[in-house]
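Peer 1: predicted model, plus sequence, below.
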Amino acid sequence: MREHRDFLSIRDLSAEEIEGIFARAAHFRQALPHRSLEGKSVVLLFEKASTRTRVSFEVGIARLGGHPVVLSVEGSQIARGEPIKDTARILSGYCDAIVMRTFGHDRLEEMASYAEVPVINALTDLLHPCQVLSDCFTLAGRFGDLKGKKVAWIGDGNNMANSWINAAAVLGFDLTLACPENFEPDCDILDAARKDGAVVLVVRDPMEAARGAIAVNTDVWASMGQEAEAEKRRQAFAGYRVDEALMEAAGKDAVFMHCLPAHRGEEVTEEVLEGWRSIVWEQAQNRQYVQEAIVDFLIQE
Ligand code: CP
Ligand code: NVA
């Protein structure tokens with residue numbers, strides 16, 4: 001079996017490797033002709049909806065001369081019950097990497113443990129590392145080295161929040177998350193980050209989280225797969241909407257971040273999402289370059 005690396009979590013990379021990926025992403029952003037994936041094929045397997053992740057991977061891989069193969073679950077044998085462990089070995093014979101979005105993180109881990117090529121996490125219920133790595137690239141582009149700076153998370157302790165905790169552990173910025181009771185982030189991820197010296201606080205008060213932060217982040221209150229809980233969650237998260245007053249509490253140059261899609265009037269006001277502090281479009285655009293750099297890094301390893 002060929003030696004390979006996966007990208008299932010930001011914790012799979014060192015700070016030095018992330019620095020290298022960011023430098024490569026900055027290079028790819030300049031739209032220089034690049035053919036580093038010439039002759040390589042990458043399967044994109046999505047078991048949940050996606051706009052940004054799917055298109056940015058597909059376009060990014062093609063832009064580097066590679067061949068993206070989008071495998072729709074409905075039209076594949078996965079929908080008819082073929083096990084992930086069989087799919088993993090079959091796909092490994094045809095392609096050079098697998099990008100997968102799914103529900104349980106264990107499903108992604110099963111893919112990675114049976115695949116003989118790099119597997120990239122395009123979002124699970126637990127983590128969304130491509131998004132957060134790309135968001136750190138966007139933030140570093142504005143604020144320089146993130147070490148010691150404060151980032152705020154407001155709302156659900158979900159896959160995005162968990163990945164921000166992992167990023168804080170590797171990149172050394174301070175993170176304060178304001179979450180309602182029973183919606184805190186994953187405690188194992190939190191413990192592991194703290195054990196490695198990360199400064200990560202979980203508080204109830206959004207103002208406390210936002211105070212002095214360079215960036216205020218939020219996400220939907222009901223993630224994919226939680227649609228049935230939407231109403232219950234709307235009640236639990238009342239008071240966790242990012243509005244102008246909250247942004248005023250943050251640093252004077254603080255930016256607003258959201259992975260999108262956003263629900264205007266729920267987790268964020270229209271005014272903030274469309275306002276001068278919002279960098280959501282830049283975040284979405286940078287997904288492409290950072291993911292190009294991740295695929296390039298893993299395939300060349
Ligand atoms: N932010 C994000 O991952 O968007 P998609 O669900 O559209 O891929
Ligand atoms: N937390 C959201 C992120 C979407 C990109 C979800 O999992 O649906």
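Peer 2: Thanks, I have it. Ligands and ions are numbered 1, 2, ... in the order given.
Peer 1: what about Gln131, how many residues nearby?
Peer 2: If you count neighbours by other C-beta atoms under 10 Å, Gln131 ends up with 26. Every residue, glycine included, has its C-beta placed from N, CA and C.
Peer 1: so who does it touch?
Peer 2: With contact set as C-beta atoms under 8 Å, 6 or more residues apart in numbering, Gln131 has these partners: Thr53, Leu123, Met160, Ser163, Cys259, Arg287.
Peer 1: got it, and Val295?
Peer 2: By C-beta under 8 Å, 6+ apart, the residues touching Val295 are Leu37, Val42, Phe57, Gly60, Ile61, Leu64, Gly66, Ala97, Val99, Ile120.
Peer 1: take those and keep only those in helices.
Peer 2: Among the contacts of Val295, the ones falling in helices (DSSP state H) are Phe57, Gly60, Ile61.
Peer 1: surely the first one and Leu44 touch.
Peer 2: Yes. Using C-beta atoms under 8 Å as the test, Phe57 is close enough to Leu44 to be in contact (5.5 Å).
Peer 1: the two: who's more crowded?
Peer 2: Phe57 (27 against 24).
Peer 1: list phi and psi for the most centrally placed residue in the chain.
Peer 2: The geometric centre of the chain, computed from its C-alpha atoms, lies nearest to Gln131 (C-alpha atoms, centre = their mean), at 2.5 Å. As for Gln131, its main-chain torsions (degrees, to the nearest 10) stand at phi -60, psi -50.
Peer 1: before we move on, what about Ala215?
Peer 2: Per degrees, to the nearest 10, the backbone of Ala215 is at phi -150, psi 140.
Peer 1: for the chain, which segments count as strands?
Peer 2: 41-46, 67-72, 97-101, 119-121, 150-154, 174-178, 200-203, 215-218, 255-258 (DSSP state E).
Peer 1: would a markdown table of those strands with distance to Gln300 be doable?
Peer 2: Listed next are the strands of the chain as a markdown table, based on distance: least, C-beta to C-beta, whole Å:
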| stretch | distance to Gln300 |
| --- | --- |
| strand 41-46 | 13 |
| strand 67-72 | 16 |
| strand 97-101 | 11 |
| strand 119-121 | 14 |
| strand 150-154 | 30 |
| strand 174-178 | 31 |
| strand 200-203 | 32 |
| strand 215-218 | 31 |
| strand 255-258 | 30 |
